[in-house]
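Peer 1: Would you be able to build a 3D model of this:
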Amino acid sequence: MTFTLAEIARKIDAELIVPSHLDASVEQSCQISSLATLAKASLGQVAFLANSKYQQQLSSTQASAVIVAPDMAEFCPVNALVMNNPYMGYALLANLLDNTPKVACGIHPTAVIADDVIIGENVSVGANTVIESGVQLSNNVSIGAGCFIGQQVIIGEFTTLWSNITIYHRVEIGHHCLIQANTVIGSDGFGYAPVKGQYKWHKIPQLGSVIVGNHVEIGASTTIDRGALDNTEIRDGVILDNQIQIAHNVIVGENTAIAGCSVIAGSTVIGKNCTIAGLVGINGHINIADNCIFTGMAMVTKDIREAGVYSSGVPVVPNKEWNKTNARVKRLESLTKRVQALEKLHTND
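Peer 2: Numbering: from 1, shown residues only. Model (predicted):
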């Protein structure tokens with residue numbers, strides 16, 4: 001697909017400014033076929049400047065146009081698409097130029113679908129997908145190749161599942177969701193009772209389910225466990241990165257974003273509009289307030305009652321420096337005892 005610069009300006013609600021040395025009528029009809037970075041863009045491509053770190057690349061860009069904020073328009077040597085939020089402009093244009101193929105077209109003859117499955121209009125199911133009894137697929141649902149959809153699953157309209165996804169029984173997924181490949185939703189939570197005998201652990205059946213809200217995106221190879229009794233809930237507008245583990249009975253509040261490789265233990269409730277960076281570990285049975293931000297590798301072990309930014313990960317340092325710090329940490333106990341002894345002497349004096 002290609003669009004003229006004038007069409008793009010209208011579609012992303014930007015002001016098109018053509019430099020004085022160029023012919024405005026010609027530039028407005030310039031054909032755009034793709035996006036690129038400032039450094040690598042060429043004729044027929046649009047770049048964007050949303051981070052001042054890359055400002056020095058603006059003067060030398062070969063893009064046909066650049067999406068910029070109003071205060072950068074005068075510094076743009078090529079056509080400028082001016083808007084208050086250039087990053088949003090990039091997102092809108094990326095959607096406009098998106099050439100991602102469909103996960104499936106129609107219902108493949110090798111798909112195995114139970115007789116009582118309810119299939120809406122314009123549903124697509126890929127090769128070798130298995131859909132069990134009692135499933136409901138709403139209008140415009142797309143399911144890729146090699147998926148397994150368990151009994152009585154409900155999937156809302158315009159939701160897309162990529163390949164090799166497993167959805168266990170009785171899971172509910174809302175409308176306009178996107179689930180990436182190899183994700184598992186509704187697997188058993190980690191529930192076991194300790195017992196005496198040869199085998200120490202007795203498995204507890206997980207009788208709840210998983211409820212995924214609307215406009216939720218779930219990254220590749222993420223796992224969401226079903227509840228032990230109540231349901232695990234992923235509420236509207238949540239975005240989850242790749243390789244996240246969400247345990248049984250967790251509730252993730254509306255519009256919360258979680259980055260890759262973070263883990264959430266069971267029965268934790270995360271508020272609305274939270275941002276959780278990568279490799280964050282969140283303990284079980286705790287409550288986190290709305291609008292919290294956790295930086296990378298934070299370890300959350302107790303309730304967070306107030307909105308704010310929280311950190312606990314240690315940034316990387318040169319190995320020699322780390323070894324010195326580690327040696328000092330090991331001496332803290334003896335140093336503490338020495339300080340206590342000195343304080344005691346001072347008190348006695």
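Peer 1: which residues touch residue 87?
Peer 2: Each residue near residue 87 by Cβ atoms under 8 Å, 6 or more residues apart in numbering is listed here: 48, 50. Any C-beta I mention is one placed from the backbone N, CA and C, and that applies to glycine too.
Peer 1: Can you list the buried residues in the strand or helix carrying it?
Peer 2: Secondary structure assignment for residue 87, by DSSP states H and E: helix 86-96. Neighbour-count burial for helix 86-96, counted by 16 or more other Cβ atoms under 10 Å, picks out 86, 89-90, 92-93.
Peer 1: so how far is residue 101 from residue 144?
Peer 2: Counting by Cβ to Cβ, to the nearest Å, the separation of residue 144 from residue 101 is 10 Å.
Peer 1: Quick check on these two: which one has the bigger neighbour count.
Peer 2: residue 144 (22 against 6; other Cβ atoms under 10 Å).
Peer 1: Counting residues, name the longest helix you see in this structure.
Peer 2: When the chain is scanned for its longest helix (criterion: DSSP state H), the result is helix 332-348.
Peer 1: Buried residues, that helix. List them.
Peer 2: By 16+ other Cβ under 10 Å, helix 332-348 has no buried positions at all.
Peer 1: got the residue ranges for the helices in the stretch 201-349 of the chain?
Peer 2: If DSSP state H, counting those that start in this stretch is used as the criterion, the helices of the stretch 201-349 of the chain fall at 319-330, 332-348.
Peer 1: What would the first one look like as PDB? C-alpha coordinates only.
Peer 2: Meaning helix 319-330. Only the C-alpha atoms of helix 319-330 are listed here, as PDB (Å, rounded to 0.1, in the frame of the first residue of the first chain):
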ATOM      1  CA  ASN A 319      33.200  -6.700  38.000                       C
ATOM      2  CA  LYS A 320      36.100  -5.400  40.200                       C
ATOM      3  CA  GLU A 321      33.800  -2.800  41.700                       C
ATOM      4  CA  TRP A 322      31.100  -5.400  42.300                       C
ATOM      5  CA  ASN A 323      33.600  -7.700  44.100                       C
ATOM      6  CA  LYS A 324      34.700  -4.900  46.400                       C
ATOM      7  CA  THR A 325      31.100  -4.000  47.200                       C
ATOM      8  CA  ASN A 326      30.300  -7.700  47.800                       C
ATOM      9  CA  ALA A 327      33.300  -8.000  50.200                       C
ATOM     10  CA  ARG A 328      32.000  -5.000  52.100                       C
ATOM     11  CA  VAL A 329      28.500  -6.400  52.400                       C
ATOM     12  CA  LYS A 330      29.900  -9.600  53.900                       C
END
